[in-house]
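**Student:** What shape does this take:
(4 chains)
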2 protein chains.
Amino acid sequence: MSVSRKKKPAGSGRVATPASATSASAEPGDTQSRILSAAFHCLTTRGYAALTVRDIAQDAGVNHALISYYFGTKDKLVIAVLDDMNRRLLERQRSMYAAPGGFAGKWAAARRFYEEDIASGFVRVQSELYAASLSNAELREQFLPRVGAWKQVVLEAVQEALTMYAPPLPPAFTAEAIASMISEFWLGMEFAQLIGGDVERARHQQALDAVEALLVAMERLQPAARRAPATGSGT
Amino acid sequence: MSVSRKKKPAGSGRVATPASATSASAEPGDTQSRILSAAFHCLTTRGYAALTVRDIAQDAGVNHALISYYFGTKDKLVIAVLDDMNRRLLERQRSMYAAPGGFAGKWAAARRFYEEDIASGFVRVQSELYAASLSNAELREQFLPRVGAWKQVVLEAVQEALTMYAPPLPPAFTAEAIASMISEFWLGMEFAQLIGGDVERARHQQALDAVEALLVAMERLQPAARRAPATGSGT
DNA sequence: AAGTGGATTAACCAAATGGATAACACAGCC
DNA sequence: GGCTGTGTTATCCATTTGGTTAATCCACTT
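**Tutor:** Reported below is the predicted structural model:
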């Protein structure tokens, strides 16, 4: 026993939907993605600390041994959940760049995405895993590039906006400083809204409105210093 | 047995340092506060999810049964830790109000406190418990008033600053909006710095510097519209 | 119809964990 | 000196949890 067992698909990375599968339960989605969804759902409702393979399996309606079968370990399943979120986020990133013209429009688009993510539990799961990654090096490795990429997007947008609008700000307001303000505000807003209620939400709306108003005003002052210098090759 | 046992100090709220204690181990601090410190330390190093009474007890150098003896439950111990943090924070709040004159000075004071809190693990524990409170109603009840109070302080400072300096901002930048920006930025900064490294730290410094420069500039423009209207009764 | 191999199940296990409790130590009081 | 009660310890227990595995199922191939 335990000699060499290479039949399990657990470690084979992204186990693509078994095209030639002979699954008995051909209900909504194959077992693997049902486990993935269930894990996501458990994270939104019970949080990372209370995450158990048995709960996930029950939520998915499958035997809990299948989690080992498909994902190896609970940790790997969580990584897979995060991976899946990353994938979905990347798809969105593309549509983000296709947002209508100016920065006010992109800001509004980001707000809409945010609302979606709150409603879908995306923000909750992200926050749970974010916190978990404080004590989990493997998760942190997953998070750092992700957070870095997000902040890079913000930074580039700010740099572009600064060259286009040249707002009257003290020299200390570098693009990095402003981008950091925006990024960390956004992060804090996510955490705050999860713990707070509608009161927080209303204040966040005010803050988001203010920035949007500022962007609209700046666009109005300098309608098109340089028309979309390299925002995208679309249209 | 198990009839009525009313000897345990566990449930008796803040069990004051046993003044007439007859403790055998009169080493650094009584057992109770050593457990409290150990719990804090475990939270900074292992995080909330990995918190076990045995680890805490070992860290405190006491038998793990004493945690039940003094705090009843692990959850109650965590609440006690948070309670202790709240107490220390309130003490500081007073000194915060005694910060030197203008808002730039208060901002600088807040930054110094932040540095202390990062170094002491205070921020780490706060973030851990913040995240834990997403799934723990009892913890959340502890957090909400605390976060609310902090945000209220920020809001009042912003309101005061707005009346004193009247900066040229779009009308959407209400005091609530600005206060929300600052509060959530700060929260996000805390989380980001825990997961990020020196890169994040440097960017935060830039952002904090920028705000400080702005405050200094505003103070210079309108040195004393109303000299310290009600900032404090000190000096 | 027999064979094949992945998918699934039930059962099991070792470890960890929170908590309980009886026994013990020991300082202070009569 | 003996009693009392608090602080402390060693030990025990029930439960949960992650993970493993042998057996079973079942669609599909031959």
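**Student:** contacts and neighbour counts: CA atoms only from here.
**Tutor:** OK.
**Student:** Model confidence for the most centrally placed residue in chain A, exactly?
**Tutor:** In chain A, the residue lying closest to the centroid (C-alpha atoms, centre = their mean) is A:L89, at 5.4 Å. Model confidence at A:L89, given as pLDDT, is 87.
**Student:** contacting residues around whatever helix or strand it lives in?
**Tutor:** Secondary structure from DSSP states H and E places A:L89 in helix A:74-97. Taking contacts as C-alpha atoms under 8 Å, 6 or more residues apart in numbering or on different chains, the residues outside helix A:74-97 that touch it are A:36, A:39-40, A:52-53, A:67-68, A:71, A:106, A:109-110, A:122, A:126, A:139, A:142, A:146, A:231-232.
**Student:** What's the ChimeraX syntax to select whichever of the residues you listed are buried?
**Tutor:** Those of those that count as buried under 16 or more other C-alpha atoms under 10 Å in any protein chain shown are selected in ChimeraX with:
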select /A:36,39,40,52,53,67,68,71,106,109,122,126,139,142
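**Student:** restrict the contacts of helix A:74-97 to those near DNA strand D?
**Tutor:** A:T52, A:V53, A:S68 (C-alpha under 7 Å from any atom of the strand).
**Student:** Is DNA strand C within reach of the helix holding A:L89?
**Tutor:** No. Using C-alpha under 7 Å from any atom of the strand, helix A:74-97 stays clear of DNA strand C, coming no nearer than 14.5 Å.
**Student:** List of residues touching the host helix or strand of A:A192?
**Tutor:** Per DSSP H and E, A:A192 falls inside helix A:175-195. The contact list for helix A:175-195, computed with C-alpha under 8 Å, 6+ apart, reads A:123-124, A:127, A:151, A:154-155, A:158-159, A:162, A:200-201, A:204, B:133-134, B:140, B:144, B:181-189, B:191-192, B:203-204, B:206-208, B:210.
**Student:** now do stretch A:121-129
**Tutor:** By C-alpha under 8 Å, 6+ apart, stretch A:121-129 touches A:40-41, A:43-44, A:47-48, A:82, A:85, A:117-118, A:139, A:190-191, A:194, B:131.
**Student:** Same question for stretch A:213-220.
**Tutor:** A:G102, A:F103, A:A104, A:Y165, A:P167, B:P170, B:A172.
**Student:** you'd agree A:Y48 is up against A:S135?
**Tutor:** No. Contact criterion C-alpha atoms under 8 Å: A:Y48 and A:S135 do not qualify, at 11.9 Å.
**Student:** if you look at the helix holding A:L89, does any of it touch DNA strand D?
**Tutor:** Yes. Helix A:74-97 lies within reach of DNA strand D by C-alpha under 7 Å from any atom of the strand, at A:K74, A:D75.
**Student:** Format the CA atom coordinates belonging to whichever helix or strand comes after that helix as PDB.
**Tutor:** Scanning forward in sequence from helix A:74-97 by DSSP H and E, the next helix or strand is helix A:103-120. Output of helix A:103-120 as PDB, limited to C-alpha atoms (Å, rounded to 0.1, in the frame of the first residue of the first chain):
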ATOM      1  CA  PHE A 103     -11.600  58.700 -15.900                       C
ATOM      2  CA  ALA A 104     -14.900  59.600 -14.400                       C
ATOM      3  CA  GLY A 105     -16.400  56.800 -16.500                       C
ATOM      4  CA  LYS A 106     -13.800  54.300 -15.400                       C
ATOM      5  CA  TRP A 107     -14.400  55.400 -11.800                       C
ATOM      6  CA  ALA A 108     -18.100  54.800 -12.200                       C
ATOM      7  CA  ALA A 109     -17.300  51.400 -13.800                       C
ATOM      8  CA  ALA A 110     -15.200  50.500 -10.800                       C
ATOM      9  CA  ARG A 111     -18.000  51.400  -8.500                       C
ATOM     10  CA  ARG A 112     -20.400  49.200 -10.400                       C
ATOM     11  CA  PHE A 113     -18.000  46.300 -10.200                       C
ATOM     12  CA  TYR A 114     -17.700  46.900  -6.500                       C
ATOM     13  CA  GLU A 115     -21.400  46.700  -6.100                       C
ATOM     14  CA  GLU A 116     -21.500  43.500  -7.900                       C
ATOM     15  CA  ASP A 117     -18.700  42.100  -5.800                       C
ATOM     16  CA  ILE A 118     -20.400  43.000  -2.600                       C
ATOM     17  CA  ALA A 119     -23.600  41.400  -3.700                       C
ATOM     18  CA  SER A 120     -21.900  38.200  -5.000                       C
END
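**Student:** Against which helices or strands is helix A:103-120 packed?
**Tutor:** helix A:74-97, helix A:198-221 (3 or more C-alpha pairs under 8 Å, 6 or more residues apart in numbering or on different chains; DSSP states H and E).
**Student:** Out of these, indicate the one that is most buried.
**Tutor:** helix A:198-221 (a mean of 17; mean count of other C-alpha atoms under 10 Å in any protein chain shown).
**Student:** okay, and for chain A, where does confidence drop off?
**Tutor:** A:1-29, A:97-100, A:223-235 (pLDDT under 70).
**Student:** what's the single longest helix in it?
**Tutor:** Looking across chain A with DSSP state H, the single longest helix is helix A:137-165.
**Student:** sorry, back to before: any idea which of the contacts of stretch A:213-220 is the one closest to B:G61?
**Tutor:** B:A172 (55.8 Å; C-alpha to C-alpha).
**Student:** neighbours around the closest one, how many?
**Tutor:** 18 (other C-alpha atoms under 10 Å in any protein chain shown).
**Student:** who's in contact with the residue lying closest to it once chain neighbours are set aside?
**Tutor:** Computed as C-alpha to C-alpha, 6 or more residues apart in numbering or on different chains, the closest residue to B:A172 that is not its neighbour in sequence is A:A210, at 4.7 Å. Each residue near A:A210 by C-alpha under 8 Å, 6+ apart is listed here: B:P170, B:A172, B:F173, B:T174, B:A177.
**Student:** Determine which two of those are furthest apart.
**Tutor:** Once C-alpha to C-alpha is applied, these give B:P170 and B:A177 as the farthest pair, at 11.4 Å.
**Student:** Compare those two and say which is more crowded by neighbours.
**Tutor:** The residue with more neighbours, out of B:P170 and B:A177, is B:A177; 23 against 12, by other C-alpha under 10 Å.
**Student:** What residues of the helix holding A:A192 count as buried?
**Tutor:** A:175-195.
**Student:** quick check: angle from it to helix A:137-165?
**Tutor:** On the basis of axes from the mean of the first three to the mean of the last three C-alpha atoms, to 10 degrees, helix A:175-195 is oriented at 130 degrees to helix A:137-165.
**Student:** now the angle from helix A:175-195 to helix A:103-120?
**Tutor:** 30 degrees.
**Student:** how far does helix A:175-195 sit from the chain's center?
**Tutor:** 14 Å (C-alpha atoms, centre = their mean, to the nearest Å).
**Student:** Stretch A:180-197 too?
**Tutor:** The answer for stretch A:180-197 is 14 Å, by C-alpha atoms, centre = their mean.
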